[in-house]
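A.B. asks: what's the 3D shape of this:
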Amino acid sequence: MRFARASGVLLHPTSLPGPHGSGDFGRDAYHFVDWLVAAGQKLWQLLPLAGIGPGNSPYMSNSAFAGNVLLVDLAELQQQGWLDAADVAPLPAADAAQIDFSQMYPFRMARLAQAAARFAAAGTPAQHEDFAKFHAEQASWLDDYALFMSLCEACGWQDWCLWDPALAGREPAALATARAHHADRIAFWQFCQWRFYRQWAALKAYANGKGVQIIGDTPIFIAYLSAEVWANQHLFELDTSPSNWGRPTVVAGVPPDFFAATGQRWGNPLYRWSEHAKDGYAWWVERIRRTFELVDIVRIDHFRGFAGYWEIPASEPTAMNGRWVPGPGEALFEAINKALGPDPVAIIAEDLGVITPDVDALRKKFGLPGMRILQFAFNGDASDRFLPHHHEPDTVVYTGTHDNDTIAGWWATATDHERHYARGYLNTDGHDMPWTMIRAAMASVADTCVHPLQDVLALPTDARMNFPGQESGWWGWRFQWSQLQPWHAQRLAELGRLYGR
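C.D. replies: A predicted model of the protein is given here:
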């Protein structure tokens with residue numbers, strides 16, 4: 001499908017300002033929407049809204065359906081009568097520029113628990129009625145998720161295959177006993193999801209009402225320690241032998257590339273696609289359907305994995321000794337279109353990495369826009385597909401993504417070849433590369449243009465969001481309102497006017 005010509009900003013809600021250690025769905029999120037409107041931006045792109053996993057990554061969540069409870073606005077819980085003013089006082093000594101997860105996580109979780117307890121004990125009939133309505137709407141995943149999280153806590157967050165065999169194997173009697181034993185904690189996790197979904201729905205409605213669409217992000221793979229793998233074991237390549245029961249036999253990743261000399265061993269379990277095909281890819285259809293309840297446009301991370309994916313034996317410590325295996329291809333997207341139609345689904349295909357003709361053919365058959373990263377454009381010659389003169393309307397152009405250095409950081413460490421080529425191609429002396437690259441992206445024939453807020457602010461490497469292949473130390477960057485000046489919005493709005501966005 002073709003998107004309307006528009007531009008937007010990439011910023012995860014955790015990077016917003018706010019008093020409680022990280023950004024959330026509170027007033028700063030609404031203020032950011034207002035800023036996007038003032039800047040003439042029609043798109044707000046996010047990272048996955050799911051909970052964080054190892055290394056604080058939103059791409060390794062404990063659920064493909066549940067939201068990140070750390071994004072719940074505590075001030076709204078006070079407004080509902082479940083927290084006191086003292087409970088929502090600013091987090092002491094919080095770093096305004098970086099999330100201190102060791103400090104922020106227990107602070108927020110304690111207040112969520114307090115709010116859940118007060119709701120259970122003294123919530124109004126209308127509040128309990130709305131909670132029951134939410135539970136009915138989301139029961140297909142919510143009950144398994146809440147039980148899974150409660151069991152993870154009780155078992156010390158060890159891999160679920162190490163739980164009591166009756167629970168790991170989901171024997172009905174064991175599950176019923178566990179639900180009764182952990183009823184209070186199950187109610188807590190359901191409460192958190194209720195507030196996440198209700199707060200996000202209000203924020204999204206506000207953005208949509210201001211003419212701003214939300215671009216969400218769906219990782220192709222999910223974490224092993226997730227409710228969905230535990231609840232749908234037959235859909236994943238898991239070992240059935242007694243000595244290694246429940247462990248992945250093969251895991252996901254990518255072969256050696258620009259980012260990592262030994263490749264990236266992500267460790268996610270791989271799908272048993274033959275099982276998915278038996279019921280018409282129902283699990284994936286439901287996943288995409290639920291995602292579109294939260295966002296307007298879905299970016300699917302690692303799209304090339306649907307054409308072919310890198311399969312790594314679970315025993316291998318790196319991604320070097322893997323092999324390419326065919327993915328589900330057209331059958332999956334035909335099932336999604338049939339279920340979600342008749343209008344074409346608004347999906348962006350993240351087609352980065354090793355892109356072969358079959359990947360391009362799959363993307364184009366279903367009319368899915370691909371991605372072009374300007375930061376990758378200048379290390380070769382005029383044939384490089386990331387250069388603007390090769391862009392096509394059905395693509396989304398980025399200065400960089402969450403996995404890249406900032407433009408200022410990239411330029412500071414660029415090779416002599418990249419510097420020489422970029423200066424000549426962009427007709428610049430290199431003194432203002434972030435905005436030079438933003439202008440080039442805005443001028444592209446690509447229908448959609450997105451720039452990370454770090455590049456709008458021309459920030460150096462220490463504002464980088466992630467470094468692929470490095471397991472810790474990332475995902476913590478935050479901005480402050482004092483960094484955004486009126487000229488930032490004015491300049492973006494003017495570029496949008498000049499280039500029809």
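A.B. asks: mind listing what's buried in stretch 252-261?
C.D. replies: Applying a neighbour-count criterion of 16 or more other Cβ atoms under 10 Å, one finds 252-255, 260 buried in stretch 252-261. Using the backbone N, CA and C atoms, a C-beta is placed for each residue, glycine as well.
A.B. asks: same deal with stretch 374-385?
C.D. replies: By neighbour count with 16+ other Cβ under 10 Å, stretch 374-385 contains the buried residues 374-378.
A.B. asks: And the contacts of that stretch?
C.D. replies: 258, 372, 386-390, 397-400, 404-405, 407, 410, 414-415, 417-418, 421-422, 425, 437, 440-441 (Cβ atoms under 8 Å, 6 or more residues apart in numbering).
A.B. asks: wait, Gly280 sits on Ala335?
C.D. replies: Yes: using Cβ atoms under 8 Å, Gly280 makes contact with Ala335 at a distance of 5.2 Å.
A.B. asks: Give me the more crowded residue out of these two.
C.D. replies: Per other Cβ atoms under 10 Å, whichever of Gly280 and Ala335 has more neighbours is Ala335, with 20 against 15.
A.B. asks: quick one: that one and Trp284 touch, right?
C.D. replies: Yes: with contact defined as Cβ under 8 Å, Ala335 counts as touching Trp284 (7.4 Å).
A.B. asks: shared neighbours of those two, anything?
C.D. replies: Going by Cβ under 8 Å, 6+ apart, no residue sits against Ala335 while also sitting against Trp284.
A.B. asks: can you pull the contacts of Gln190?
C.D. replies: Residues near Gln190 by Cβ under 8 Å, 6+ apart: 131, 135, 142, 146.
A.B. asks: again, but for Pro460
C.D. replies: Residues in contact with Pro460 (Cβ under 8 Å, 6+ apart) are 406, 408-409, 412.
A.B. asks: try 6 Å this time
C.D. replies: Shown in contact with Pro460 (Cβ atoms under 6 Å, 6 or more residues apart in numbering): 408-409.
A.B. asks: ranking the contacts of Gln190 by neighbours, who comes first?
C.D. replies: Within those, most neighbours by other Cβ under 10 Å means Ala146, with 26 neighbours.
A.B. asks: Now do the host helix or strand of that one: which elements does it pack against?
C.D. replies: Here Ala146 is covered by helix 125-154, with elements defined by DSSP states H and E. Packed against helix 125-154 by the contact rule (3 or more Cβ pairs under 6 Å, 6 or more residues apart in numbering; DSSP states H and E) you find helix 183-209, helix 227-231.
A.B. asks: what's the helix or strand just after the first one in contact with?
C.D. replies: On the C-terminal side of helix 183-209, the closest following helix or strand by DSSP H and E is strand 213-219. Applying Cβ under 6 Å, 6+ apart, the contact partners of strand 213-219 are 43-48, 59, 204, 291, 295-301.
A.B. asks: same check, this time on stretch 258-272
C.D. replies: By Cβ under 6 Å, 6+ apart, the residues outside stretch 258-272 that reach it are 221, 224, 229, 235-237, 248, 250-256, 312, 318-320, 468-469.
A.B. asks: For PyMOL, write the selection for the buried entries among the residues you listed.
C.D. replies: Typed into PyMOL, the line below selects the buried ones among the contacts of stretch 258-272, using 16+ other Cβ under 10 Å:
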select buried, resi 221+224+229+235+236+237+248+250+251+252+253+254+255+312+318+319+469
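A.B. asks: Narrow the contacts of stretch 258-272 to those in helices?
C.D. replies: Judged by DSSP state H, the subset of these located in helices is Val229.
A.B. asks: mind listing which of the contacts of stretch 258-272 are in strands?
C.D. replies: Among the contacts of stretch 258-272, the members found in strands (DSSP state E) are 250-254, 312.
A.B. asks: circling back: packed most tightly, which of the helices and strands packed on helix 125-154 would that be?
C.D. replies: helix 227-231 (a mean of 24; mean count of other Cβ atoms under 10 Å).
A.B. asks: helices and strands around that helix, which ones?
C.D. replies: Packing contacts for helix 227-231, counted by 3+ Cβ pairs under 6 Å, 6+ apart, involve helix 125-154.
A.B. asks: Report the rounded mean pLDDT for the helix it packs on.
C.D. replies: Averaged over helix 125-154, pLDDT sits at 98.
A.B. asks: Flag every buried residue along it.
C.D. replies: By 16+ other Cβ under 10 Å, the buried positions in helix 125-154 come out as 131, 134, 138, 141-152.
A.B. asks: got a list of contacts for the following helix or strand past it?
C.D. replies: Going down the chain from helix 125-154, the next helix or strand is helix 165-168, by DSSP H and E. For helix 165-168, the external contacting residues (Cβ under 6 Å, 6+ apart) are 160-161, 174.
A.B. asks: want to throw these into a markdown table with pLDDT, distance to Ser482 and neighbour count?
C.D. replies: Shown next, in a markdown table, are the contacts of helix 165-168 (pLDDT from 0 to 100; distance: Cβ to Cβ, whole Å; neighbours: other Cβ atoms under 10 Å):
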| residue | pLDDT | distance to Ser482 | neighbour count |
| --- | --- | --- | --- |
| Trp160 | 98 | 45 | 22 |
| Cys161 | 98 | 49 | 20 |
| Ala174 | 98 | 54 | 16 |
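A.B. asks: Dump the buried residues of stretch 252-261 into JSON lines; add distance to Gly55 and pLDDT as well.
C.D. replies: Output for those, formatted as JSON lines (distance: Cβ to Cβ, whole Å; pLDDT from 0 to 100):
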{"residue": "Ala252", "distance to Gly55": "16", "pLDDT": "97"}
{"residue": "Gly253", "distance to Gly55": "15", "pLDDT": "94"}
{"residue": "Val254", "distance to Gly55": "17", "pLDDT": "92"}
{"residue": "Pro255", "distance to Gly55": "21", "pLDDT": "92"}
{"residue": "Ala260", "distance to Gly55": "15", "pLDDT": "81"}
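A.B. asks: Closest one of these to Asp455?
C.D. replies: The nearest member of the buried residues of stretch 252-261 to Asp455, counting by Cβ to Cβ, is Ala260 at 23.4 Å.
A.B. asks: Report the residue spans of the chain with pLDDT below the cut-off.
C.D. replies: The chain contains residues with pLDDT under 70 at 259.
A.B. asks: need the strands for it, in chain order.
C.D. replies: Secondary structure of the chain (DSSP E): strands at 6-10, 43-45, 213-219, 250-254, 264-269, 297-301, 308-313, 323-326, 347-349, 370-373, 395-398, 448-452.
A.B. asks: As a markdown table, those with distance to Leu492 would be great.
C.D. replies: Formatted as a markdown table, the strands of the chain follow (distance: least, Cβ to Cβ, whole Å):
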| stretch | distance to Leu492 |
| --- | --- |
| strand 6-10 | 8 |
| strand 43-45 | 12 |
| strand 213-219 | 16 |
| strand 250-254 | 33 |
| strand 264-269 | 33 |
| strand 297-301 | 20 |
| strand 308-313 | 37 |
| strand 323-326 | 41 |
| strand 347-349 | 21 |
| strand 370-373 | 19 |
| strand 395-398 | 15 |
| strand 448-452 | 8 |
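A.B. asks: For Arg170, find the nearest of the ones you listed.
C.D. replies: Arg170 lies closest to strand 264-269 among the strands of the chain, at 16.2 Å (Cβ to Cβ).
A.B. asks: Starting from the closest one, tell me which strands it pairs with and how they run.
C.D. replies: Strand 264-269 has the following strand partners under DSSP bridges: strand 250-254 (antiparallel).
A.B. asks: contacts for the partner strand?
C.D. replies: So strand 250-254 is contacted by 221, 237, 263-268, 270, 310-314, 319, 353 (Cβ under 6 Å, 6+ apart).
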